[in-house]
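> predicted model and sequence follow; I will ask about them next.
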Amino acid sequence: MTGIKFHRPIALLAGVMAIFAAVAPIDLGVDGLALGDHLWSRMVFGILGVTALRDSQDTPQPANAIWNLPFAALLAAVEIVDLAHMSGVRGWGFFCGIGGVWLAAWRTVDIVIVRTPTRGKRAQFMRLLVPMIFGATLLVLWETLAISLEVPKVILPTPFAILVRLVTSVPTLAADFVQTAQGVIAGYAIGCGAGVLVAIVIDRVPFLQRGLLPLGNLVSALPIVGVAPIMVMWFGFDWQSKAAVVVIMTFFPMLVNTVAGLSAAGHMERDLMKTYAASYGQTLVDLRLPAALPFIFNGLKINSTLAFIGAIVAEFFGTPIVGMGFRINTEVGRMNIDMVWATIVVAGVAGSLFYGLLALVERRATFWHASYRQGVM
Amino acid sequence: MLNALWQGKTLPVLAVCAVLAVFWYAGSVWLNADMQRDAFANAGKADFTMAELIEGTWSQERPKLPTPGQILVELNKTILDTAPTSKRSLVYHGSVTVSATLLGFLIGSVLGMGLAVLVVHVKSLDRSLMPWVVASQTIPIIALAPMIVVIMNQFDITGLVPKAVIAAYLSFFPVTVGMVKGLRSPDPLQLDLMRTYSADRLQIFLKLRVPASMPFLFASLKVAVAASLVGTVVAELTKSEDGGFGARLLAGSYYGQTIQIWSALFAAAACAWVLVTLVGIADRLVTRAMGARP
């Protein structure tokens, strides 16, 4: 079972819609069949229509000419975005074109999936390609529909407008990012470091383990972000108060994870260390901390998101006139929604880069762990 | 008996709490002392004893750090002594927050479970949408909250709904991730067994995949309900005229009413604890009904 469903109706519908787009009025106020205007676009939609119709008559994984449809879909996607930016383009042929591009992209995803080998570099690339196609399709639909349905800019700016805003306000966004990142990095380092250290102390004192750990588990579920106004009162408007919020938010997840990790080393290994007459410190450094690394990295990853959340929410409570949370809050008030989206894009990219960096370091540091073995999944 | 409690978790937790309380009271003295000295100086009181100073730091109007006792008094005043309908009552603000949280949590988890079922059965969705759902866990999506509130305000959608929408999308992602993991958790042996019974896809789904997914689902639901509450509180920061814990926090920080902030914080924490505990109870009931081995 390939799991590919409805390939015939999807491709058929994509083809029919693209053919409609090739012959129907693209501009508003044109009746009946129209062929004179937008000649190049009509040709592209025609190509997409023919390839999609041919694909619909084939098996789900045709042997030859399989990349014709994806290529035609890509051309048509570029064309439809270009069309959307022209004035007066609201005819039903245009909307048929949007539908055709969407369905062709769906079929493209299916084609990429069936052609993905089970392992190897090529498989990795194609696994990455699928969500990329999905994201790009979403952006194309957003751009074309937001323009042609005349969605007001204060409700939903188009991706292109957001990109323009992003590029033109790099200095502001960079200053905001630096301001917020100071709080995030300082708080993250202190919170995670303290979490690991306290976990090691707790590990030596079983009494604390029984007394502090249930509290740690409890605190992890609480809305700690609420301490933000208090920290702003204590440490002032600048990044120090944001760092304090981040410290409190990241401390307990780190503590709980590290304590769990310190008990991960097996009895056999511990006994072996004992037969070597290893001291507590040697066992800790050479056996138990390395064995705890997967858990510690889990805590670090959870905290990477929490740190950004803490810093941004803390900035809602007061900040010097710079910072990502401040920017979001003020630009929302001034109805500059495109600037808000630009800031959110920066926050999203920063968050996932931070996470990706951690994942990379984790791979290097815990290469021995079972979850990285090939074929385990 | 006492020894058993000491070996268990009760007494150690109480002991740690007691130590924390001692540190807290000491912290209030330390943080509030400067202000108290100023107050004495303004009152023309040149010589005061240590006891008076400590006494003073524990009973200020707007202390830097209120004592647990002051917070309890405020909680008592705003929960028990104020009519629940009054805007000064924490019960009123709590009900505003919790109702939005619950509505959002309900919508978010139902949508999350629905999407998980789709993802498990439609491969294109699994490969194309799932990576984005997983990636969304690494970005601070809570930053969208103020924008959603303001945009929905433009459509004259106010009150409970915008906050519930934010709570819903914050709970949606963890539920989807957990449920997909759970629905995939039956191993090939169990699936083969179902096939030898000639079970169809629906039967495999209802009798094997769904029961197997419950532990994963409830673990995510606990995360989701806590996230919903945080989302609602943050939404209330943007739109504070409807009340709620977030509005209390914001008002407290505007007027320097620290005791009010702390009591709102404690009440919010209590609500979160109750919600997570309720999900935990539901977890135990459901897994038992599904025939889980203890």
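Thanks, I have the structure now. Numbers count the residues shown, from 1 in each chain, chains lettered A, B, ... in the order given.

> how deep is residue A:40 tucked in, by neighbour count?
Per other C-beta atoms under 10 Å in any protein chain shown, the neighbour tally for residue A:40 reads 9. For the C-beta atoms, the positions are set from N, CA and C on the backbone; glycine is no exception.

> residue A:78 versus that one, what's the distance?
Distance, residue A:40 to residue A:78, by C-beta to C-beta, to the nearest Å: 11 Å.

> again with residue B:172
Residue B:172 is 32 Å from residue A:78, by C-beta to C-beta.

> neighbour count: the two, which is higher?
The residue with more neighbours, out of residue B:172 and residue A:78, is residue B:172; 26 against 13, by other C-beta under 10 Å.

> from what I can see the more buried one touches residue B:111, true?
Yes. Contact criterion C-beta atoms under 8 Å: residue B:172 and residue B:111 qualify, at 5.6 Å.

> is chain B within reach of whichever strand or helix holds residue A:212?
Following DSSP states H and E, one finds residue A:212 within helix A:206-220. Yes. Between helix A:206-220 and chain B, judged by C-beta under 8 Å from any C-beta of the partner chain, the touching residues are A:207, A:208, A:210, A:211, A:212, A:214, A:215, A:218.

> just the buried ones from those, in PyMOL syntax?
Those of the residues of helix A:206-220 next to chain B that count as buried under 16 or more other C-beta atoms under 10 Å in any protein chain shown are selected in PyMOL with:
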select buried, chain A and resi 208+210+211+212+215
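
> so which of the residues of helix A:206-220 next to chain B comes closest to residue A:144?
Residue A:144 lies nearest to residue A:218 out of these, by C-beta to C-beta, at 49.2 Å.

> can you tell me the closest non-neighbouring residue to that closest one?
Spatial nearest neighbour of residue A:218, excluding adjacent residues (C-beta to C-beta, 6 or more residues apart in numbering or on different chains): residue B:273 at 6.7 Å.

> how far away is the one you found from residue B:287?
Distance, residue B:273 to residue B:287, by C-beta to C-beta: 21 Å.

> contact partners of stretch B:137-144?
Residues from elsewhere that reach stretch B:137-144 (C-beta atoms under 8 Å, 6 or more residues apart in numbering or on different chains): A:301, A:304-305, A:308-309, A:312-313, A:324-325, A:328, A:343-344, A:347-348, A:351-352, A:354-356, B:166, B:169-170, B:173-174, B:177, B:230-231, B:234.

> please apply the same query to stretch A:203-216.
Under C-beta under 8 Å, 6+ apart, the answer for stretch A:203-216 is A:198, A:201-202, A:252, A:255-256, A:259, A:262, A:280, B:8-9, B:12-13, B:15-17.

> distance between it and the chain's centre?
Computed by C-alpha atoms, centre = their mean, to the nearest Å, the chain-centroid distance of stretch A:203-216 equals 36 Å.

> the helix or strand following the helix holding residue A:212 near chain B at all?
Scanning forward in sequence from helix A:206-220 by DSSP H and E, the next helix or strand is helix A:228-235. Yes. Against chain B, helix A:228-235 shows contacts by C-beta under 8 Å from any C-beta at A:228, A:229, A:230, A:232, A:233, A:234.

> thought the third one was touching residue B:258?
What that stands for is residue A:230. Yes. Between residue A:230 and residue B:258 there is a contact under C-beta under 8 Å: 6.9 Å.

> do you know the pLDDT at residue B:292?
According to the prediction, residue B:292 has pLDDT 67.

> could you count how many residues lie near the residue lying closest to residue A:256 once chain neighbours are set aside?
Take residue A:256 and drop its neighbours on the chain: the residue closest to it by C-beta to C-beta, 6+ apart is residue A:216, 4.9 Å away. By the criterion of other C-beta under 10 Å, residue A:216 has 20 neighbours.

> and for the one 10 residues further on?
Per other C-beta under 10 Å, the neighbour tally for residue A:226 reads 28.

> distance of it from residue A:109?
42 Å.

> got it, and residue B:196?
For residue B:196 relative to residue A:109 (C-beta to C-beta), the value is 34 Å.

> when the two are compared, which one has more neighbours?
Shown here are residue B:196 and residue A:109; by other C-beta under 10 Å, residue A:109 has more neighbours (22 against 7).

> and the strand or helix carrying that one, what's its mean pLDDT?
Per DSSP H and E, residue A:109 falls inside helix A:92-114. For helix A:92-114, the mean per-residue pLDDT is 88.

> and residue A:59, what is it in contact with?
Taking C-beta under 8 Å, 6+ apart, we find residue A:59 in contact with no residue.

> before we move on, what about residue A:292?
A:258, A:261, A:262, A:264, A:265.

> between those, which is closest to residue B:31?
residue A:258 (29.6 Å).

> contacts only, for the nearest residue to that closest one once chain neighbours are set aside.
Distances taken as C-beta to C-beta, 6+ apart place residue A:199 nearest to residue A:258, at 3.5 Å, with adjacent residues excluded. Applying C-beta under 8 Å, 6+ apart to residue A:199 gives the contacts A:254, A:255, A:258, A:259, A:262.

> what about residue A:302, neighbour count?
A total of 18 residues lie near residue A:302 under the criterion other C-beta under 10 Å.

> how near is it to residue A:220?
On the measure of C-beta to C-beta, residue A:302 and residue A:220 end up 9 Å apart.

> wait, does stretch A:111-121 make contact with chain B?
Yes. Stretch A:111-121 lies within reach of chain B by C-beta under 8 Å from any C-beta, at residue A:113.

> quick one: that stretch to chain centroid distance?
Distance, centroid of stretch A:111-121 to centroid of chain: 22 Å (C-alpha atoms, centre = their mean).

> and the chain, what are its domains?
Because you didn't say which chain, this covers chain A. A:7-150, A:166-369 (automatic domain parsing).

> meant chain B, my bad for not saying
If you go by automatic domain parsing, chain B breaks into B:2-65, B:90-289.
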